[in-house]
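Q: Need the 3D shape of this:
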Amino acid sequence: MTALTLFLALLLVGSAAHKALARDRMVVAAARLTGLYRQGQLVLIAAGCIELAAATALLIPALRPTGALIAAGVWLGYTFALLRQRGRTLDCGCDLVAREKPVNWPLIARPAALALLATTVAALPADPTFPLDAPFAAAALLALYLGASELLAIPHPRWRKS
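A: Numbers count the residues shown, from 1 in each chain. Got it, this is the predicted structure:
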């Protein structure tokens, strides 16, 4: 499961980088999601540091289960924060592009699914080998994840009956 581990690490690093690069937008999103309006920047910094720590631990074979559990905790935190905001329209910071959208079940399920994947990685035995195709498979998974995220952001597509 090296590709899945790399995918999760790439996603965590990308998320931390997104927090650093779009800091002004992400401070507001973090404050709105957590309800800690005066500590938005502190919450943002803490989340980014925890994501980087989890990604680093995922890449060290002996720490992979710990990193996966930390990542699962981060994504469960996002899940519960979004669940609290269900039904509201806001920019949750979940996408690379700033856009207000309703917090619905697919948006809430996304971090929950990532937490489930991370828990799966934590439970699997360590694989000491590093296959040559693992980085390519991880990059493909990341591209599929980002593509699915963009499809979910379409306001009223014909194919979605809700």
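Q: what helix or strand does Gly147 sit in?
A: Applying DSSP states H and E as the criterion places Gly147 in helix 134-152.
Q: and that helix, what other elements does it pack with?
A: Where contact means 3 or more Cβ pairs under 8 Å, 6 or more residues apart in numbering; DSSP states H and E, helix 134-152 is packed against helix 2-21, helix 105-123. C-beta here means a position set from N, CA and C on the backbone, and glycine is covered the same way.
Q: chain center to it: distance?
A: Remark: helix 134-152 is offset 12 Å from the chain centroid, using Cα atoms, centre = their mean, to the nearest Å.
Q: Save the helices and strands packed on helix 134-152 as a markdown table, and put in distance to Ala98 too.
A: Below are the helices and strands packed on helix 134-152 laid out as a markdown table (distance: least, Cβ to Cβ, whole Å):
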| stretch | distance to Ala98 |
| --- | --- |
| helix 2-21 | 11 |
| helix 105-123 | 15 |
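Q: what's the most buried one of those helices?
A: helix 2-21 (a mean of 20; mean count of other Cβ atoms under 10 Å).
Q: where does this structure dip in pLDDT?
A: 1, 156-162 (pLDDT under 70).
Q: Of the helices and strands packed on helix 134-152, which is nearest Phe136?
A: Smallest distance to Phe136 across the helices and strands packed on helix 134-152 (Cβ to Cβ): 8.2 Å, for helix 2-21.
Q: show me what contacts the nearest residue to Leu142 once chain neighbours are set aside?
A: In space, and not counting its chain neighbours, Leu142 is closest to Leu10: 5.2 Å by Cβ to Cβ, 6 or more residues apart in numbering. Under the criterion of Cβ atoms under 8 Å, 6 or more residues apart in numbering, the neighbours of Leu10 are Ala55, Ala138, Ala139, Leu142.
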